[in-house]
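Undergrad: build me a model from this:
(4 chains)
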Number of protein chains: 2
Amino acid sequence: MSRPERSLQPQASGIRLRETRAAAIAGGHGIAADLIAVLVAVTHGDPRVLTLQDARALPSGPFELEHRSLQSGLRAWVERQTRHPLGYVEQLYTFADRDRGLGPDQRFISISYLGLTRERVEGVDCAVSWRSWYDHLPWEDRRTGIPPMIESMLLPRLREFAEAAPDLATGHDRLNRIAVTFGLDGRPWNEELVLQRYELMYEAGLIPEARRNRPESEPAPLAGDSMILDHRRILATGIARLRSKIKYHPVVFELMPETFTLLQLQRCVEALAGRLLHKQNFRRLIEQQQLVEETGTLSQETGGRPAKLFRFRRDILTERAIVGTKLPISRS
Amino acid sequence: MSRPERSLQPQASGIRLRETRAAAIAGGHGIAADLIAVLVAVTHGDPRVLTLQDARALPSGPFELEHRSLQSGLRAWVERQTRHPLGYVEQLYTFADRDRGLGPDQRFISISYLGLTRERVEGVDCAVSWRSWYDHLPWEDRRTGIPPMIESMLLPRLREFAEAAPDLATGHDRLNRIAVTFGLDGRPWNEELVLQRYELMYEAGLIPEARRNRPESEPAPLAGDSMILDHRRILATGIARLRSKIKYHPVVFELMPETFTLLQLQRCVEALAGRLLHKQNFRRLIEQQQLVEETGTLSQETGGRPAKLFRFRRDILTERAIVGTKLPISRS
DNA sequence: GACGATATACTCGCTTTGAGTATTACATCA
DNA sequence: TGATGTAATACTCAAAGCGAGTATATCGTC
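TA: Next up, the predicted model:
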């Protein structure tokens, strides 16, 4: 693929960039808007996210006056700079916490987006790369069992945090949050609690980003590769949203090639959810929802019996609105 | 209750306010941030929303530099001006469409929030009032059956819109959207599609707000009371979010008094969902989820057999994280 | 032609859910 | 005082959904 016109962000740190832009804002009442993207692809069974600055940052860019809307502004610079067709795009969250700004007179509003695409092999700037999101949040991947680092490292540190509580009630509360978010004491693991787990660890000081103004020379991050500012938090928000979304809306197909086998589809969902699925029941679910249709051809690359190739039935998106009711609605 | 220090918005139109604020922004690159709130309460079985300017606007205010964060900014001015304790607050969506601004050099970013509270009888400015949200979106209330205005007015106008399509494919697509969003031809009604219905009607020209620069003297709104700018759209977004949320998170209780009967709780959910529920199954659902506990006292005000009074088990919020899985997760 | 690997089909029991009927307990009024 | 209206609560039952399998088919490879 061709080289982008300019790199997504200068090699200088994100902080530096912000200073430059802040200076461009006139007068005392400065508010500037940033767009931040969590761009996701699944390749070789790995959920990946597009990063910059050697995996230290998510792509971000200014929202400018000439943009028609936030979403079109995002599409504009992502597609221009990565030459990626951006399929599904969804707004995540808008932040404007005081500590994101630079001083009392400047303020950054950051609007984050989740985007789904397919990874392309590109000859882009090597600072731009696709990374497994589990590099940044390793405790979220339970496909090969519970990661040992949870028991060996996270939980001891989290329990210390609970014990260091100022009073008994807070301590109990912390222990309870640990147990709920990490599925302890017989509680089920809930893969959607990505943000809750991140926040708990942030409070417990396990996230290096939490310690402000720390010198660059400090020891390596405790748990997972860290990122600048709150980018890892935004990543966690994106993962949480996606893990929840795949359950009631057929967005997985945005991440799949045109045709695929059911096992490939399953592996993709497993990559996102961070846990393994029951094969036969997964097939039943997909088939009864009529989300896919056979192409008529077979894939020989399976190693065993050839698998039927399927394609997503795009018309299903308009045909019915897939939402689940949990209310006992009266039909009479 | 005491009078607020100043009214939520000056009596001049919202547009006027924006001009004033825009002028306060220096230079050519002006971005200003607005906070807009959809404040919901349920009173006497009616879902209500706090409005200003004789129900023509939602409360909104500027996001200022001294605010700690967006959410605290919102809480600050809502609680100060309405003296309402704001329980549950959730971010809805951030807009910055070009036609929301005033010129090529100014831009408004609007961050909208959903807030749940309980209505209070207040001696406030009479321009501030609680209104049934069905005044603005009457087609959304199906508790007493399908509103006649759908068949008599909306559908004919929507079909006209479909027929006026530039080509056959677009026409088919429009008919399909009408059928899906309004549950025609045997399709089920889906109460969550509030925004989709609104947008369809907006495109069809059934929403007076869609026609810009129309003189104030024009005929009354076609369907539901209109609001300034895109406030009705934001209201629709809030309703949609809430209708979806009540199904997997116990937020209804934010709208209930301390103690309540199960029928009162049901009526509240029905008000939000815009449809009736099956009484016995509703009770079963509430009880098996252990969301409530008996207070031990009875309510005599039921008309028939006295009903047990319940209270929400607040501890459930931390005790478990209520989320539903739809993935066939393997347990072995 | 056995073996390993994967795909696909089919089964079975348990739980959940939709849609009832039956019974209980109050207020009101003839 | 007991018939009547109204609402609360208990209980039933069938169908659908879901978790967890077993069984069989079809390839490549040795």
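
Undergrad: C-alpha from now on. contacts and neighbour counts both.
TA: Fine.

Undergrad: contacting residues around residue A:230?
TA: Neighbouring residues of residue A:230 by CA atoms under 8 Å, 6 or more residues apart in numbering or on different chains: residue A:209.

Undergrad: now swap in residue A:306 and tell me
TA: Here residue A:306 is in contact with A:298-300 (CA under 8 Å, 6+ apart).

Undergrad: is residue A:73 in contact with residue A:60, as I believe?
TA: No: applying CA atoms under 8 Å as the test, residue A:73 and residue A:60 come out as separate, 11.2 Å apart.

Undergrad: who's more crowded, these two?
TA: Applying other CA atoms under 10 Å in any protein chain shown to residue A:73 and residue A:60 shows that residue A:60 carries more neighbours, namely 24 against 18.

Undergrad: what's across from the more buried one in the sheet?
TA: In this entry, residue A:60 is beta-bridged to residue A:36, by DSSP bridges.

Undergrad: now do residue A:292
TA: Counting by DSSP bridges, residue A:292 is bridged to residue A:312.

Undergrad: how much space between it and chain B?
TA: 17 Å (CA to the nearest CA, to the nearest Å).

Undergrad: tell me how many other residues crowd whichever residue of the stretch 101-250 of chain A sits closest to chain B.
TA: At 5.6 Å from chain B, residue A:247 is the closest residue in the stretch 101-250 of chain A, using CA to the nearest CA. Number of residues near residue A:247 (other CA under 10 Å) recorded here: 18.

Undergrad: any idea how far DNA strand C is from it?
TA: 15 Å (CA to the nearest atom of the strand, to the nearest Å).

Undergrad: how about that residue, secondary structure?
TA: Here residue A:247 is recorded as coil under DSSP: H, G, I helix; E, B strand; the rest coil.

Undergrad: which helix or which strand is home to the nearest residue to it once chain neighbours are set aside?
TA: Distance criterion CA to CA, 6 or more residues apart in numbering or on different chains; nearest residue to residue A:247, sequence neighbours excluded, is residue B:326 at 5.6 Å. Under the criterion of DSSP states H and E, residue B:326 resides outside all helices and strands.

Undergrad: confirm for me that residue B:326 is in contact with residue A:245.
TA: No: between residue B:326 and residue A:245 there is no contact under CA under 8 Å: 10.6 Å.

Undergrad: centre of the chain to stretch A:298-317, how far?
TA: Between the centre of stretch A:298-317 and the centre of its chain there are 27 Å (CA atoms, centre = their mean, to the nearest Å).

Undergrad: sorry, back to before: burial check on the residue nearest to residue A:247, number of neighbours?
TA: Residue B:326 has 12 neighbours, counted by other CA under 10 Å.

Undergrad: tell me the pLDDT at it?
TA: Predicted confidence (pLDDT) for residue B:326: 80.

Undergrad: flag every buried residue along stretch A:57-72.
TA: Within stretch A:57-72, the residues that qualify as buried by neighbour count (16 or more other CA atoms under 10 Å in any protein chain shown) are A:57-65, A:67, A:69-71.

Undergrad: among those residues, which ones are in helices?
TA: A:70-71 (DSSP state H).

Undergrad: closest to chain B out of the buried residues of stretch A:57-72?
TA: Nearest to chain B, judged by CA to the nearest CA, of the buried residues of stretch A:57-72 is residue A:69 at 4.4 Å.

Undergrad: that closest one touches residue B:96, doesn't it?
TA: Yes: look at residue A:69 against residue B:96 with CA under 8 Å: they come within range, at 5.5 Å.

Undergrad: quick check: residue A:134 is in a helix.
TA: Yes: under three-state DSSP, residue A:134 sits within a helix.

Undergrad: contact partners for it?
TA: A:47, A:140-141, A:224.

Undergrad: tell me the one of the residues you listed nearest DNA strand C?
TA: residue A:47 (19.3 Å; CA to the nearest atom of the strand).

Undergrad: what pLDDT does the closest one get?
TA: For residue A:47, pLDDT reads 96.

Undergrad: which helix or strand contains it?
TA: Applying DSSP H and E, one finds residue A:47 within strand A:46-51.

Undergrad: next one: that strand to chain centre, how far?
TA: With CA atoms, centre = their mean, you get 8 Å for strand A:46-51.

Undergrad: that one packs against which elements?
TA: Packed against strand A:46-51 by the contact rule (3 or more CA pairs under 8 Å, 6 or more residues apart in numbering or on different chains; DSSP states H and E) you find strand A:30-43, strand A:129-132, helix A:133-136, helix A:262-273.

Undergrad: can you name the residues that contact the residue of the stretch 151-300 of chain A found nearest DNA strand C?
TA: Nearest to DNA strand C, among the residues of the stretch 151-300 of chain A, is residue A:263, at 4.7 Å (CA to the nearest atom of the strand). Taking CA under 8 Å, 6+ apart, we find residue A:263 in contact with residue A:279.

Undergrad: for it, give its distance to residue A:310.
TA: 11 Å (CA to CA, to the nearest Å).

Undergrad: do the same with residue A:259
TA: From residue A:259 to residue A:310 the distance is 5 Å (CA to CA).

Undergrad: residues near the residue nearest to residue A:261 when sequence neighbours are not counted, how many?
TA: The shortest distance from residue A:261 to any non-neighbouring residue, by CA to CA, 6+ apart, is to residue A:309 (4.8 Å). Residue A:309 has 20 neighbouring residues, counting by other CA under 10 Å.

Undergrad: wait, a helix at residue A:309?
TA: No: assessed with three-state DSSP, residue A:309 is strand; it does not lie in a helix.
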